[in-house]
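Engineer: Got a predicted structure here, sequence first:
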Amino acid sequence: MRLFDEKKFLRFLLIVASIFFAAFIPEILSNRQYILWAIPYILADIFLVMVAVLYRFPIIGNRKRMSDNVDIAPPPTAAVPIRDFKQELVEKDEIFQMMVDISSNGFWTFDVVTGKVYWSNRALKMLQVDLNQAEDTFSMLQNNIVESDWNHFKELLRDALESGDKFNCEVSLIKNKSRDNRLVISGNVQRNSDGHPIRVIGAVNEFSDKQASERQSYYYAYQDALTGVYNRKFFLEKLKVDVDMALQRPDYLFAVALLDIDRFGAINTSYSVSVGDSVLRIVADRIKSQSRSGDIIARIGSDDSDVKSIVRRIHNAVKQPIQLDSGELYIGVSMAVALNREVDCVEDILANVTASLREMKKGVNHGGIQFSCGGIREKAMKLYKLEFDIRKAIQAQEFVMFYQPIVDIADGNRIVAFESLVRWNQAHNGFISPAEFIPIAEETGLIIPLGAQILYMACSQAKKWVDEGFKDIQVAVNFSAKQFARDNLVEDIRQVLLQTNLNPKNLKLEITEYTAMCEAEKTVEIMKALSGMGIQISIDDFGTGYSSLSYLKRFPVHTLKMDKSFIDHVTDDEEDASFARMVVGIARTLNLDLIAEGVETEAQLEFLKQEGCRLIQGYYFSKPLAPAAARDYLEKHYAPKAELASAR
């Protein structure tokens, strides 16, 4: 209900005003002086009256009167929404995760209390980790960066947790898929109200700098793409600078150290080329971690004692076990070090250190360190000449065969086989020991044509003996790892048997334990093919390699040969005696023949006889014999199996 009508009140005021003005009209009319002003005055007053009575004022707002008998329903009560805080947190976490994943940077967090680490998908990708194999630990980082960078990261993280400072470090990936394999990992420590660290939040970024293009060009020219160390071109240029410096300053001393991973080919074949590449990167990183800032990987200088200490430190560091996904890998390394005291050119230094390493790997110091300060140049030249002479000797057929008997001591010392042994009868120098030319032949690949010649000569000689009535005699031929790895090996042996018309039962192939394990799966297939032809297989030097009983059971092997190094001391070394007994037991368990080679004394023979080893080879019975002498030995000690059976 309205309490006040403003239009009526306005009309009332206008009427009051017009009456007020009308009261002065008589006075104005009585004064002739103002008579002319009376007319507009009267008209104005009349205008006020007309406005007050006739003017329709505009309506402001809704002026309709509301009926008092209308019931107005109260507005409906709106439902108060209930917030799902858990769902909101999940949605926010999903949004944060999406933002992290689409970012070009990787993120990680480390919970100090639980020890758990969170890695974003981008961070895992940059670390080259399969998302399905991700774990909430730092192992994702440890397994994918080089060892020294991992140790550096741990130190920075530990210092940051103590001091609360930010940190960042540059790391190199082990399995680099590109030439630029470096990342930058940074972190910042979060603390609680008491000042204790509770969390570390960090990022993973790709490494870049202003000089990236120049560094990349330098990398292509002077660094090895696989390991990141300097390549041969840089090494030779730097070595030339040092040689020139040594010529100008007699007191200037430096050394070149050559490091070789023992049996590295077995790592590639037994595991994979990728694992071999990882081993090379880790070894290179370990060498760098033990070298000084002025050293070029193996460039060591100052004095002899410093050289020896640093080389031994590098040698020990490199030999540490390498962590692989499948477990630990142990490697052996051989190192040769040449000083510049007796040489004055790059070629002489490289020849010295290369020759030293080769000599060491052939001798008892295999897997160790050999220091040399000159005097090996002549040896190196001799080796190069020896290689050339071997090529000529193969063409001239200067290699001849000797045969060492293998006897059965449980059957009256009856001869059952010969091992064929090659000798080099050089025209000018006479006989040359196999220890001098076989390693060179294997290293240069000449063992392939030489091995083919040896196989043909041995099979031809065996055929002669068979035709002379020695029907059951066997001739064993040694095969190297390079020969056994050839794809056409089986066919080549079949062709030799056809050419010589030799029965396969009269041929036995000997391969070392190491050769058998180089490519185990391939070896099994080759052995099965050879065994299917009727050829027997013998594992030579058994006990010196790393074969397992599971593989021995898979190999179609007929004979094991116990290495001479274990026979030498069976009578005075209980450890060697125990090992010999173990090998005898293995052969008996697997139903294999066992040959003890290198038997030289009656005491050794008696020990082996008591342990049940019946097949013996060594100087106790005979040295290697020329074909004619071997024929005489057959006459005295051979007995056909048929005669033996009838005699019994």
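Structural biologist: Good, I have the coordinates. Owing to the predicted nature of the structure, the values given are computational and were not obtained by experimental measurement.
Engineer: if I look at Ser326, how far off is Ile267?
Structural biologist: According to Cβ to Cβ, to the nearest Å, Ser326 and Ile267 sit 12 Å apart. C-beta coordinates here come from the backbone N, C-alpha and C atoms, glycine included.
Engineer: That should have said Ala38, apologies.
Structural biologist: Remark: distance between Ala38 and Ile267 (Cβ to Cβ) = 132 Å.
Engineer: Of the two, give the one with the bigger neighbour count.
Structural biologist: Ile267 (20 against 17; other Cβ atoms under 10 Å).
Engineer: So in this structure, where's the weakest helix or strand by average pLDDT?
Structural biologist: strand 299-301 (a mean of 33; mean pLDDT, DSSP states H and E).
Engineer: Would you list the phi and psi of Leu43?
Structural biologist: For Leu43, the backbone dihedrals (degrees, to the nearest 10) come out as phi -60, psi -40.
Engineer: Quick one: residues contacting it.
Structural biologist: With contact set as Cβ atoms under 8 Å, 6 or more residues apart in numbering, Leu43 has no partners.
Engineer: for the protein, longest strand please?
Structural biologist: strand 414-426 (DSSP state E).
Engineer: And that one, how far out from the chain middle?
Structural biologist: Put simply, strand 414-426 sits 43 Å off its chain's centre (Cα atoms, centre = their mean, to the nearest Å).
Engineer: For the remainder of this discussion, apply numbering that starts at 5.
Structural biologist: In the new count, where the first residue is 5, that last one comes out as strand 418-430.
Engineer: in whichever helix or strand comes after that strand, what counts as buried?
Structural biologist: With elements assigned by DSSP states H and E, the helix or strand that comes after strand 418-430 is strand 434-436. By neighbour count on 16 or more other Cβ atoms under 10 Å, the buried set for strand 434-436 is Ile436.
Engineer: which strands and helices sit next to strand 434-436?
Structural biologist: Packing contacts for strand 434-436, counted by 3 or more Cβ pairs under 8 Å, 6 or more residues apart in numbering; DSSP states H and E, involve strand 418-430.
Engineer: would you put the C-alpha positions of the strand it packs on in PDB?
Structural biologist: C-alpha atoms of strand 418-430 as PDB (Å, rounded to 0.1, in the frame of the first residue of the first chain):
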ATOM      1  CA  ARG A 418      96.900 -99.300 -27.100                       C
ATOM      2  CA  ILE A 419      97.000 -96.300 -29.400                       C
ATOM      3  CA  VAL A 420      93.500 -95.000 -30.200                       C
ATOM      4  CA  ALA A 421      94.100 -91.700 -31.900                       C
ATOM      5  CA  PHE A 422      96.600 -89.000 -32.900                       C
ATOM      6  CA  GLU A 423      96.400 -85.300 -32.400                       C
ATOM      7  CA  SER A 424      97.600 -83.500 -35.500                       C
ATOM      8  CA  LEU A 425     100.000 -80.600 -34.700                       C
ATOM      9  CA  VAL A 426     101.200 -78.200 -37.400                       C
ATOM     10  CA  ARG A 427     104.800 -77.100 -37.600                       C
ATOM     11  CA  TRP A 428     106.400 -74.500 -39.900                       C
ATOM     12  CA  ASN A 429     109.500 -75.800 -41.700                       C
ATOM     13  CA  GLN A 430     110.900 -72.500 -43.000                       C
END
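Engineer: Show me where the stretch 55-204 of the chain dips below the pLDDT cut-off.
Structural biologist: Scanning the stretch 55-204 of the chain for pLDDT under 70 picks out 61-108, 180-184.
Engineer: what are the ranges of the strands in it?
Structural biologist: 110-115, 121-123, 171-176, 186-195, 201-210 (DSSP state E, counting those that start in this stretch).
Engineer: What lies in contact with the first one?
Structural biologist: Right, the one you point to is strand 110-115. 104, 120-124, 126-131, 142, 161, 189, 191, 202-209.
Engineer: Can you get me a residue count around the closest residue to Gln478 other than its chain neighbours?
Structural biologist: Of all residues not flanking Gln478 in the chain, Ala421 sits nearest, at 3.9 Å (Cβ to Cβ, 6 or more residues apart in numbering). The burial count assigned to Ala421 is 26, neighbours taken as other Cβ under 10 Å.
Engineer: Val55 versus Ala421, what's the distance?
Structural biologist: 147 Å.
Engineer: ok, now which ones touch Ser424?
Structural biologist: Per Cβ under 8 Å, 6+ apart, neighbours of Ser424: 405-407, 458, 461-462, 465, 479-482.
Engineer: what does Val561 give?
Structural biologist: 531, 541-543, 596.
Engineer: re the thing from before, which of the contacts of strand 110-115 are buried?
Structural biologist: 104, 121, 123-124, 126-128, 130-131, 142, 161, 189, 191, 204, 206-208.
Engineer: I'd assumed Glu514 was in contact with the residue nearest to Gln478.
Structural biologist: No. Here Ala421 does not reach Glu514: they are 10.5 Å apart, not a contact under Cβ atoms under 8 Å.
Engineer: Beta-bridge partners for the spatially closest residue to Gly168 that is not a sequence neighbour, please?
Structural biologist: Using Cβ to Cβ, 6+ apart and skipping the chain neighbours, the partner closest in space to Gly168 is Val193 (5.0 Å). In this entry, Val193 is beta-bridged to Val204, by DSSP bridges.
Engineer: So what's the residue count around Val193?
Structural biologist: Applying other Cβ under 10 Å, we find 21 residues neighbouring Val193.
Engineer: List the residues that contact it.
Structural biologist: Here Val193 is in contact with 164-165, 168-170, 201, 203-204 (criterion: Cβ under 8 Å, 6+ apart).
Engineer: Sweet, I'm off.
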